[in-house]
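> Please find the sequence and the predicted model below.
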Amino acid sequence: MFLIYAATVIAAGQNFQCTPTHVWDGDGPIWCAEGPHVRLSGVAAREMDGTCRTNQPCPDASAIEARDTLVSLLGGARGTNSTGHVAVSAPTMRCRSDGSAGGTRTAAWCVLASGHDLSCEMVASGTVHKWDRYWRDHRCP
């Protein structure tokens, strides 16, 4: 049984758990069964309409490629909902908040149940770019 919290921003520096249920694009948000909406810290992916926002890195990979890579890392697709979010059924991740990512999204560094850093895995996939402004001193194992 999961505790359900409203999608509020987790304060920077706080640890929390996220059991992924839905994904929007290659850098999130990842909807967590526990309530938060996680935007992966330190990375930038194309928007689902294929564009890149000004002032952020723009990877060559399409938004679909990045989203599907994230979905695959989380265990694979289980369908979609009416808003286009891809449903996933993934083990619980351990996350550390980096603070607000705008709206009700929490920027966070997350570690998969396998022990792999999710932001690092996405950068290694080539479907997102490391965003130095937010990556700061983060290190991949």
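Yep, that arrived.
> Next one, pLDDT for the closest residue to S125 other than its chain neighbours please.
Spatially, and ignoring its direct neighbours in sequence, S125 is nearest to T69 (4.8 Å; CB to CB, 6 or more residues apart in numbering). C-betas here are computed from N, CA, C, even on glycine. You'll see T69 listed with a pLDDT of 97.
> My reading is that T69 lies in a helix. Confirm?
Yes. Judged by DSSP: H, G, I helix; E, B strand; the rest coil, T69 forms part of a helix.
> Now for it, how many residues are close by?
Here the number of neighbours of T69 (other CB atoms under 10 Å) works out to 20.
> In contact with it, which residues?
G26, A61, M122, S125, T127 (CB atoms under 8 Å, 6 or more residues apart in numbering).
> separation between it and Q17?
The gap separating T69 from Q17 is 23 Å, by CB to CB, to the nearest Å.
> May I have the worst-scoring helix or strand of the chain on mean pLDDT exported as CSV, CA atoms only?
When the helices and strands of the chain are scored by mean pLDDT, DSSP states H and E, strand 77-80 comes last with a mean of 90. This file holds the C-alpha atoms of strand 77-80, laid out as CSV (Å, rounded to 0.1, in the frame of the first residue of the first chain):
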residue,chain,number,x,y,z
ALA,A,77,5.7,0.9,-21.0
ARG,A,78,2.4,-0.4,-19.6
GLY,A,79,0.2,1.7,-21.9
THR,A,80,-0.7,5.4,-21.9
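> Okay, now the sheet partners of that strand, with direction.
strand 86-88 (antiparallel) (DSSP bridges).
> For this structure, give me the ranges with low pLDDT.
Where the chain drops to pLDDT under 70, the residues are 1-6.
> can you do 90?
For the chain, residues meeting the criterion pLDDT under 90 lie at 1-8, 53, 77, 81-84, 102-104, 141.
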